[in-house]
Every structure is written in structure tokens, then in C-alpha cells.
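Peer 1: One predicted model, sequence on top.
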Amino acid sequence: MSLWKIAWRSIQQRALASALTAFSMALGVALVVAVIVIHGVIDQSFRRGAQGYDLIVGAKGSPLELVLAAVYHLGRVPANMSYDAYDELVNGQFAADIQFAVPICLGDNFKGFRVIGTTPDMFARLEYLGGRKYEFAEGRNFHDDAPREAVIGATAARKTGLKVGDKFKPVHGSAADRGEEHEPFEIVGVLAPTGTPNDRGIFVNMEGFYHMHTKSPEEAERSLPALKAEADSKPEAKPKPQSADHDHDKEGGEKRDPTAGKAEDKPGEKPQPHAEGKPGHEAVHDEHKEVTAVLVVLNPKIPPPRRVALPKLVSKQLDVQAVAPVEQIDHLLRGIVGNVQLVLLILAVMIVVVAGIGIMVSIYNSMSDRRHEIAIIRALGARRTTIMVVVLLESILLALGGGAAGLVLGHGLTGVLAPIIADQTGVSINPAQFQLSELILIPGLILLATAVGYLPAVVAYRTDVAQSLIASP
Amino acid sequence: MLLQLRDVKKSFFQPDGTELPILDIPEFSLDAGCQVVLVGRSGCGKTTLLHIIAGISRPTSGRVKIDGWDIALMAESEVDQFRAERIGYVYQTFNLLPSFTALENVLLGMTFGRVRPDRERAKALLRRVGLEHRLTHKPPMLSVGEQQRVAVARALANRPQLILADEPTANVDVGNQQQIIDLLRETCQEEKVALILVTHAPEVAEQFDRVEYLEKINLVRVGR
């Protein structure tokens, strides 16, 4: 008979006390697991979300704010960059460095879901989660020449109830039920779930987006002061590039409209407004246009030194900021989220330690009742050290049993929290996803159990066999 | 000679520092496979003597040789090992572990020696004591007579050279007393195991060829 079995039988004999002790350990471990899993999945989701493009270009300001707004549809909408700067980026001196770029415009919402003005390239050319193409669960991508078409992410579709053929009116601002209503857009496609923040987005044709905002010229001006103030406060910042300096302006017919889908494939093409007086038909002049951010996929053929230098060059030449999203997310996760996670983890570990002390108290208190049994086992030939090992194994079994239950409980807790997190942040969490860092729990719990089991094990070790055998059971 | 005690003394020290002698055995011996009964009043040191022979207690002085090994000179862990392999013990209160089944209690008797526990032997022993239908029953589900039979099977489990039985019938009803005594004597004979049985019941003592009286602190041999 193995010592494990002897330890297990001892646990069984005190089933209720053992179950309660293990349960307290399970609660502690569940918290640790939930913190690890949620942080791990959020970390992974954020890093994955930042994949698919190499740079994000936007107006000068907080780079993290730009990334959060452009990639994750979170936080405050940053100031816009001028359309000229965008034009220069795509068609000017950096054209050779860029494989393609997708502009996005922010500032509106529908029932709290952000409405993003962009081009069809968003889904036709961009990839997500390391090379996956966007797919449509229903309908199709919106067209360049249909300013009132829109595509909706899977979560947004589910939550708003919008489906292909439905029309919706975006509202100005980033919070639900605020601001004035705009002209309606028609849903032409529902994205298949991607597990990225884009599931929570509503994507409209950028031309249509401009039409909404050029209706009130003062709104178009609204975002400029912040940008100007920031530019003025930085003496080293160069003046905003003027369209007169742009080479493409001099090239006449060679100019590409950067908002046109697959622009490099169709040079010179510019989206033509629809006829028949539908809303958004009139072409919006470039001076009324702004872009919140540009998602840039770099030309894979550019040499590595150029690739490294490009963010600084773009920032300097175009008076914008060009940031690598992966770096910003790394800073966010390490600098802020990492510290929060550390604090939560320390608290959860302290709960586990307290649960461990509970195991010690439980076994220690049982010692006076178990002296007779220990004496019987000793009388059968078990050494003092064997008895000590049995008590330590009992402690380990309780800790690991509680830990296993805590693992299930923790993932269950994550499953309960997953929809809430997804609703709040757009980050989807798979509760069944196992984090490698959870493996640390096994040696951790064994060490803890050994430490807390030591005191009762010593009491068992010191049991006087002769006296305890004579004593009544 | 299997067991030899010479000048074995056991004393306890009282709180005032004075020595309280419990046992003084000038000479005692037992051959392999033989059976002896120890008779004496309560508190005369019978259990203490068995504890010393089993190595559970150490004598204050003297020699306790079993099969040529002086266990009074051995380290505690060596005595534990020795007991696990060569000595079986049957207690007045059976001392079965309540959370273990009958079979597991018998297996426990084989666990701490060098030889791997033999499940088939444990079953055979339980069959021998008439409990083949009670293998998976835990002690609280067994009658007192059945519990003591499990204890006998456990004492034989490690193929001991010597079984020490400390008033094995004291807690057993009259109907089962003789069965337990017969079982102990028969199985010890079958397994060629020496038996020292402690009792204060004259009707039990008179069944043995060799009876030792423990009076006061001295062992007085009374052969039939």
C-alpha cells in the first residue's frame, strides 16, 4: 500500500474538514488562475490586435491613445491629421516604402459601437491574427463608389441587431445616445467573428463619413485647435506640410486618391460620387477632409535600416506621429497592465497562502485525534520519517486537490467574466485556453503544502507510540 | 532460541525525581514456533513487557535478543524495520484503522517491510480467518469478533517470527473468545510463528502448555 493511499484515507476520514480546507485553497487558486488567464488572454489579444500592419500614423499626441483608438476602438478619439499629410504619406516621398495603407476616421458611434470611416481595403487587403483574411458571415464588403454602404463587426451586429439591408444613423461622439444623428448608412455585410476589436466596429465608407461631417463646417474645425496647440507647443515641430510642396500635386493626372481601394493598382482613380441626389453624393473637397489614423503595411522589400528609421522619418517629414503598434502595446502591457496584474496576482497569491495556513491548522488540529492511528501505523513498523512523509503528502493532496478544483473554478470564473470583458473592451477570451504560466501552480502548491504541512508533520513525527497505543482511540 | 530477555528493567521517573520500577525480568526465553501465555493482574507490566519485546518501548537496561539481534542496541529506525518484518501484534482494542477496508488493514501490515505487499496473501489470510466476504468492509461495519479476526490476519501478514497478543479476547464477546484463541493458536502453528499471549483470564491460560506469571515486577515461570 502506497503512502499516498494512506494519506488519502486520512483525508477521507475527515471528509468535511478536508473538503472545506481544499475549498478555501480552490478559491485562492481560482483567483490566481483567473488573473493569469485573463491577463494572458488580454495580453495575447492586444498583441494579436496590433498585428497585420507595421505602422499607425496619426496626428501628434499620445502614441498610446492613437493605437488604442485606431486598433482597439478604445479610449478618447485622438486629434485628426490633415488629409494632405495622409496624401503625402501614401503618394509622396514614402510611397515606395508603403505596400498599402488604410485610413480610418473616428468620431461617431451607433448605440455605443464606434463608427469607423475607412476604405474597402480594411477587409480586402488587411489581415488579422497573423495572416487571416476577413470573411463575411453575411453580405459583402462595401464598395468604393457607394458612400452610404457599411460593414458591421460580428459582436456589434449581434448587440445592435443590425443585419444586411438594415439602415442606421450614426451619432456624433463616441458614447451612445449623445450628439446629433447623421444621415443613414445601409449595412451590406456582416463580418464573421474575428476575435479582434473589429468585431465591435461598424465600418462605413470613408466618403460617406466625410459627407456626414462636412454638413457642419464648424465640426470639421473642431479637431484642429488641439492639433495646432500641440504643434505650437513643440518648437522643434516642423510646420504642417502644405499641398503646394507635394510633388504629386505637380504631377497632375499621376495623383492617386489615397482613399481609393487598392490605390496603387488603380493610379489616378478617384471615387466618383453617386448620382440621383442620394445623401453623400457630392464630392467632398480635400480641405474639408481629415484622417484620424492610417494603418500602414510597409513594403516588405525595403531594407531593414530604412524600416527601422521610417517611423521617425515620417513623423519628422509630415509633422505627424508614426508609431509601431506592437511597441506601444508592449509598453502598455508592461508598464500599466503588467503592474496591475502584479498587484492582483500578489493579492491572489496571499489568499492561496492563507488557504495554505488553513491546511496547516486543519491538519494540526486533527493531530490530537490522530495520535492513536499514528501509533498503530508506527507499531506496524512505519518509521518516524514515514509518518512525517504521510502527513506532508496529506497536505500536498489537499493543496493539489484544492488547486485542481481552483483551476476548474478559475477557468469557469473566466468564462463568466468573458462576455463582460468582451462587451466592455472587445477583447474575446476563451475560458478553456490554458496559459503556460498556470503550470507554475503545481510546484508552487507543492512547495506551499510542504511548508505548511511541516509543523503538523513534526507533531506526528514526535508521537510517542507506547503512550498513544495505551490511550483510548 | 528465538527470543531471549536478560536483566531487562524498565523504570519511569516521577516528577519528584524518584525512580519507579515497572518491570524487572532477570531471564526469559522462547523458542521459535512455541507458544506461551503471560498472566498477571492489571498494571503489573504485561503490556510494557510486550512493548519492549516489540521494540515500541526501550528497556531502561538489559538485553532483548530476537533471532540473535539485540533490539535494545539498535537505532530506532532499525527497530521499526525489524518490527515491520519480524513481529506481529494483536491488541486488546484491535487497533484497526477505521478508514481502511479489512483488506487494506491487512495490507498495511505488509507495507513497511522490505517485501512488497502481497494482495493475494492478504486475501488468503482473510479467507483463513473466515472473512473472505468482508474484504471491502471497513471496521465500523464489522462485528467485534470480525474486527479481531482482521487484526489476527494483519498480525500474520508480514510473515512474522513472533506474534504478541495483548489480551486479544478482552473486548470480545464470550461466544467469540474461544474462536479467537483457537484462530491465533492454529494460525501460529500453521505459519510456524511463536506466540506470546497476554491474558488475565484463567480459562484462556489453562489452554497453554507454558504459562508465565507476571507478579509485581518479576516474571515467574510456571510450567504445567
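Peer 2: Arrived safely, thanks for sending. In this text, all values refer to a predicted model and were calculated from it rather than measured experimentally. Numbers count the residues shown, from 1 in each chain, chains lettered A, B, ... in the order given.
Peer 1: What is the burial count for the closest residue to chain B within chain A?
Peer 2: Across chain A, the shortest distance to chain B (C-beta to the nearest C-beta) belongs to residue A:381, at 2.2 Å. Yep, even glycine has a C-beta here, placed from its N, CA and C like the rest. Close neighbours of residue A:381, defined as other C-beta atoms under 10 Å in any protein chain shown, add up to 26.
Peer 1: same check, this time on residue A:159
Peer 2: Around residue A:159 there are 16 residues (other C-beta under 10 Å).
Peer 1: In this structure it contacts residue A:110, no?
Peer 2: No - using C-beta atoms under 8 Å, residue A:159 makes no contact with residue A:110, being 10.3 Å away.
Peer 1: Show me what from the stretch 151-300 of chain A comes close to chain B.
Peer 2: Within the stretch 151-300 of chain A, not a single residue sits near chain B (C-beta under 8 Å from any C-beta of the partner chain).
Peer 1: Which parts of stretch B:178-194 count as buried, going by neighbours?
Peer 2: B:179-181, B:183-185, B:187-188, B:191, B:193-194 (16 or more other C-beta atoms under 10 Å in any protein chain shown).
Peer 1: among these, which two are most distant?
Peer 2: Spatial extent of the buried residues of stretch B:178-194 (C-beta to C-beta) is set by the pair B:179 and B:194 at 21.3 Å.
Peer 1: Got the confidence number for residue A:140?
Peer 2: Note for residue A:140: predicted pLDDT of 93.
Peer 1: quick one: it from residue A:352, how far?
Peer 2: Here the criterion is C-beta to C-beta, to the nearest Å. By it, residue A:140 lies 52 Å from residue A:352.
Peer 1: next one: residue B:63
Peer 2: 54 Å.
Peer 1: Who has more neighbours out of these two?
Peer 2: In terms of neighbours (other C-beta under 10 Å), residue A:352 is the more surrounded of residue B:63 and residue A:352; the figures are 26 against 14.
Peer 1: In this model residue A:30 seems to touch that one, though I could be wrong.
Peer 2: No - using C-beta under 8 Å, residue A:352 is not in contact with residue A:30; the gap is 9.8 Å.
Peer 1: For the lengthiest strand in chain A, list the C-alpha coordinates in PDB.
Peer 2: Once chain A is assigned using DSSP state E, the strand that runs over the most residues is strand A:98-110. Taking C-alpha atoms only, strand A:98-110 is exported to PDB below (Å, rounded to 0.1, in the frame of the first residue of the first chain):
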ATOM      1  CA  ILE A  98       4.400  51.500 -48.300                       C
ATOM      2  CA  GLN A  99       2.800  48.400 -49.700                       C
ATOM      3  CA  PHE A 100      -0.700  49.800 -48.900                       C
ATOM      4  CA  ALA A 101      -2.300  52.000 -46.300                       C
ATOM      5  CA  VAL A 102      -5.800  52.000 -44.800                       C
ATOM      6  CA  PRO A 103      -7.100  55.300 -43.500                       C
ATOM      7  CA  ILE A 104      -9.600  55.400 -40.700                       C
ATOM      8  CA  CYS A 105     -11.800  58.200 -39.400                       C
ATOM      9  CA  LEU A 106     -13.300  58.200 -36.000                       C
ATOM     10  CA  GLY A 107     -15.800  60.300 -34.100                       C
ATOM     11  CA  ASP A 108     -19.200  58.700 -34.400                       C
ATOM     12  CA  ASN A 109     -21.000  55.800 -32.800                       C
ATOM     13  CA  PHE A 110     -24.100  53.800 -33.100                       C
END
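Peer 1: and that strand, what other elements does it pack with?
Peer 2: helix A:63-72, helix A:83-91, strand A:113-118, helix A:121-124, strand A:171-172, helix A:206-214, strand A:290-291, strand A:293-298 (3 or more C-beta pairs under 8 Å, 6 or more residues apart in numbering or on different chains; DSSP states H and E).
Peer 1: Considering the ones you listed, which stretch scores lowest in mean pLDDT?
Peer 2: helix A:206-214 (a mean of 78).
Peer 1: Would you mind pulling up the elements that that helix packs against?
Peer 2: strand A:98-110, strand A:113-118, helix A:217-222.
Peer 1: before we move on, what SS does the closest residue to chain A within chain B have?
Peer 2: In chain B, the residue that lies nearest chain A is residue B:84 (2.2 Å; C-beta to the nearest C-beta). Under DSSP: H, G, I helix; E, B strand; the rest coil, residue B:84 falls in the helix class.
Peer 1: and if you look at the one 10 residues further on?
Peer 2: Following three-state DSSP, we place residue B:94 in the coil state.
Peer 1: Just give me the neighbour total for it.
Peer 2: 23.
Peer 1: Look up how far residue A:319 lies from it.
Peer 2: The separation that residue B:94 has from residue A:319, given C-beta to C-beta, amounts to 93 Å.
Peer 1: Then residue A:57?
Peer 2: Counting by C-beta to C-beta, the gap from residue A:57 to residue A:319 is 11 Å.
Peer 1: Helices of chain B, residue ranges please.
Peer 2: Here chain B has its helices, by DSSP state H, at B:46-54, B:76-86, B:102-108, B:119-128, B:144-157, B:174-191, B:202-205.
Peer 1: where does the stretch 1-150 of chain A have low pLDDT?
Peer 2: Low-confidence regions of the stretch 1-150 of chain A, defined by pLDDT under 70, span residues A:48-50.
Peer 1: Tell me the residues on it that lie near chain B, please.
Peer 2: A:1, A:5-6, A:9-10, A:12-13.
Peer 1: what about 10 Å?
Peer 2: A:1-3, A:5-6, A:8-15 (C-beta under 10 Å from any C-beta of the partner chain).
Peer 1: Mind checking which of those residues are buried?
Peer 2: A:1, A:3, A:5-6, A:8-11, A:13-14.
Peer 1: follow-up on the earlier one: before we move on, what SS does the residue of chain A closest to chain B have?
Peer 2: Taking three-state DSSP, the label given to residue A:381 is coil.
Peer 1: Burial check on residue 196, number of neighbours?
Peer 2: All of this refers to chain A. 25.
Peer 1: oops, I was thinking of chain B
Peer 2: Neighbours around residue B:196, by other C-beta under 10 Å: 24.
Peer 1: OK, contacts around residue A:29?
Peer 2: Taking C-beta atoms under 10 Å, 6 or more residues apart in numbering or on different chains, we find residue A:29 in contact with A:22, A:348-349, A:351-352, A:355, A:399-400, A:402-410, A:438, A:441, A:444-445.
Peer 1: at 7 Å instead, please
Peer 2: A:352, A:402-403, A:406-407, A:410, A:441 (C-beta atoms under 7 Å, 6 or more residues apart in numbering or on different chains).
Peer 1: Can you lay out those residues as CSV showing pLDDT and distance to residue A:341?
Peer 2: Shown next, in CSV, are the contacts of residue A:29 (pLDDT from 0 to 100; distance: C-beta to C-beta, whole Å):
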residue, pLDDT, distance to residue A:341
A:352, 88, 16
A:402, 93, 23
A:403, 93, 20
A:406, 92, 18
A:407, 91, 18
A:410, 89, 14
A:441, 87, 16
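Peer 1: so the closest residue in space to residue A:185 that isn't next to it in sequence is in which element?
Peer 2: Among residues not flanking residue A:185 along the chain, residue A:150 sits closest, at 4.1 Å (C-beta to C-beta, 6 or more residues apart in numbering or on different chains). Applying DSSP states H and E as the criterion places residue A:150 in strand A:149-152.
Peer 1: What does residue 14 show for phi and psi?
Peer 2: Since no chain was named, I'll use chain A. Phi and psi for residue A:14, reported as degrees, to the nearest 10, are phi -110, psi 60.
Peer 1: actually chain B
Peer 2: Torsion angles, degrees, to the nearest 10, at residue B:14: phi -80, psi 160.
Peer 1: Could you tell me which residues within the longest strand of chain A count as buried?
Peer 2: Buried residues in strand A:98-110 (16+ other C-beta under 10 Å): A:98, A:100-110.
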